[in-house]
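# just coords:
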Ligand SMILES: *[C@@H]1O[C@H](CO)[C@@H](O)[C@H](O)[C@H]1NC(C)=O
Ligand SMILES: *[C@@H]1O[C@H](CO)[C@@H](O)[C@H](O)[C@H]1NC(C)=O
């Protein structure tokens, strides 16, 4: 692959994560102690996760090897998001940052979606992508980006990434939240449980029930 060396890439990743952490207002609440490693086994519900006893934390609470290799892109849309958030790295609890890796087959799409709790900044590891976000004034802000380049998706705004090239592509995403959350627009509207009523969708999209039912059945994993 024509990207920079692996060392360079990871230096960039660290720089990206640092940029997200320092250059924007933190969206997650500030931490009140050095660390608060998530105790997933606790039944206590708080904003985030309760802390493990400090005597019981280890380096592995801050470690994850899961985004070093390409993910399998044989998905419905030809793209796969692999997250490295507090669910995978308990030490991220209260720290306000996380990463993800997105792999794209040729023609792959990460469909329009939003992260309610974070701004996202992506760094292209290899390949080329057509990306964009849409402002609340309904203006599309599109860009063609390639290996070594960076693009930002402001918090909460709907955005997408499409590989129109004939080679695989991959990006590293950094977020200013330990758990950015994702709402994929099509899945949110057409596959929620219980379902959004057809008469909401027919009026919103100005189409008939048949079209709505068709989209619902196409997107529903069970009805394929
Ligand atoms: C530390 O972890 C062990 C094993 O998971 C557990 O049995 C023990 O109660 C923990 N200690 C504290 C102080 O949380
Ligand atoms: C994707 O490919 C992997 C490995 O080749 C295979 O195990 C998996 O079942 C495939 N998934 C789908 C949805 O086709």
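Alright, I've got the coordinates. Predicted model only: the values in this text are computed from it and were never measured. Ligands and ions are numbered 1, 2, ... in the order given.

# what about the helices in this structure?
6-23, 185-190, 198-205, 209-219 (DSSP state H).

# now the last one: mean pLDDT?
In this model, helix 209-219 carries a mean pLDDT of 97.

# contact partners of that helix?
186-187, 190-191, 195, 198-199, 201-202, 205, 223 (C-beta atoms under 8 Å, 6 or more residues apart in numbering). No exception for glycine: its C-beta is placed from N, CA and C like everyone else's.

# state the pLDDT value of residue 55.
On the pLDDT scale, residue 55 gets 96.

# and it, how many neighbours?
5 (other C-beta atoms under 10 Å).

# can you check residue 158 too?
18.

# roughly how far does it sit from residue 99?
As for residue 158, its distance to residue 99 is 21 Å (criterion: C-beta to C-beta, to the nearest Å).

# ditto for residue 196
32 Å.

# go on, residue 201?
34 Å.

# quick revisit: just the buried members of the contacts of helix 209-219?
By neighbour count, with 16 or more other C-beta atoms under 10 Å, the contacts of helix 209-219 hold 190-191, 201-202 as buried.

# tell me which two of the residues you listed sit farthest apart.
191 and 202 (16.6 Å; C-beta to C-beta).

# between the buried ones among the contacts of helix 209-219, which is nearest ligand 1?
Ranked by distance to ligand 1 (C-beta to the nearest ligand atom), the buried ones among the contacts of helix 209-219 are led by residue 191 at 37.6 Å.

# next, count neighbours for the residue nearest to that closest one when sequence neighbours are not counted.
Once flanking residues are discounted, residue 191 sits nearest to residue 219: 5.1 Å by C-beta to C-beta, 6 or more residues apart in numbering. The number of residues packed near residue 219 is 17, by other C-beta under 10 Å.
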